[in-house]
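Asker: Show me the folded form of this:
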Amino acid sequence: MLGSKLDIFNQQWIDVVFTGRNKNYGAYELRRDNGRNTRTALIIGVIVFVVLISANTIINTIAGFIPKAKEKVKITNVVLQPPPPDVKKPPPPPPPEPPKPKVDQVKFPPPVVKPDVEVKEKPPTIEELKVADPGQKNLKGDKDAAVTIDVPVGNSDAKVTEEDPNKIFTAVEKEPGFPGGLAAFGRYLEKNIHYPAVARENNTQGRVIVSFVCERDGSLTDVKVARGIGDGCDEEAVRVIKNSPKWTPGIQNGRPVRVQYSVPIAFTLSE
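Answerer: The predicted structure is shown next:
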């Protein structure tokens, strides 16, 4: 008995302990139901633990299906373009003209008809013709005078002057041009333009507008930049135009004249 394991909750041991004692006091029932209560508490604890773990997993699963609140979207008013007109469909008829405003009308007196005798015009008399000036007077020439055709005829004092030869035209009948045409001018620029180093480093590209005066002999004067892009491109464009061969001059009224002209020169870096 001493070496054996003592189980104080064994029913036989409990009966021995409570022999002759009051079993309704409460201690007897606690010792008797201790095993059952322990098993019940253990089962309940396991169930609560499993429920808590499962609830966390379920909550995370449900949260994955619930869409997140969307961010605020900035609404921009979009102006819709009208649809293109249908070519096959005939255009709608024009709207009717609005009614013209009413204008007060003035009643004219009725015409009076007179007999032909009263309205017939009478020819002028000789006395009236002597006083009247019917037109220009006749000019008598000198039959013995030498015949010349390069002087004004009559007594007119009008002077015919030749147009100012130094006048600069902006529009003429025939524009000045590079000898050989635009293709030859493009080849000349491609061969003679040297891209400035500063413009190449700064990746400067664009068009330089150069204006000049094409003289009557085809030479170019007053060369200047009308619109530039900087970084040495403007100076290079002026240099190339100044070194250009003579152009075909502009023609006005069948003769060469001075013409104000301008050309674009493109500066492009090849990749």
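
Asker: that's a helix at S211, yeah?
Answerer: No - secondary structure of S211 (DSSP: H, G, I helix; E, B strand; the rest coil): strand, not part of a helix.

Asker: For the nearest residue to it once chain neighbours are set aside, the count of nearby residues, please.
Answerer: Distance criterion Cβ to Cβ, 6 or more residues apart in numbering; nearest residue to S211, sequence neighbours excluded, is S262 at 4.1 Å. Quick note: C-beta positions are derived from backbone N, CA and C, even for glycine. A count of nearby residues for S262, using other Cβ atoms under 10 Å, gives 11.

Asker: Could you pull up phi and psi at S262?
Answerer: Main-chain dihedrals, S262, degrees, to the nearest 10: phi -150, psi 150.

Asker: That one and Q252: what is the separation?
Answerer: Summarising the geometry, the distance separating S262 from Q252, computed by Cβ to Cβ, to the nearest Å, is 18 Å.

Asker: With I265 instead?
Answerer: Computed as Cβ to Cβ, the I265 to Q252 distance reads 26 Å.

Asker: Compare neighbour counts for these two and give me the winner.
Answerer: Taking I265 and Q252 together and counting by other Cβ under 10 Å, I265 has the greater number of neighbours (21 against 17).

Asker: Across the sheet, point out what pairs with that one.
Answerer: For I265, the residues forming beta bridges with it (DSSP bridges) are V208.

Asker: Name the helix or strand for N37, please.
Answerer: helix 34-65 (DSSP states H and E).

Asker: do the same with Q260
Answerer: With the criterion set as DSSP H and E, the secondary-structure element containing Q260 is strand 255-267.

Asker: ok, I209 - contacts?
Answerer: If you count contacts by Cβ atoms under 8 Å, 6 or more residues apart in numbering, I209 has them with V225, A226, R227, G228, S262, V263, P264, I265.

Asker: Since that was my last question, I'll sign off now.
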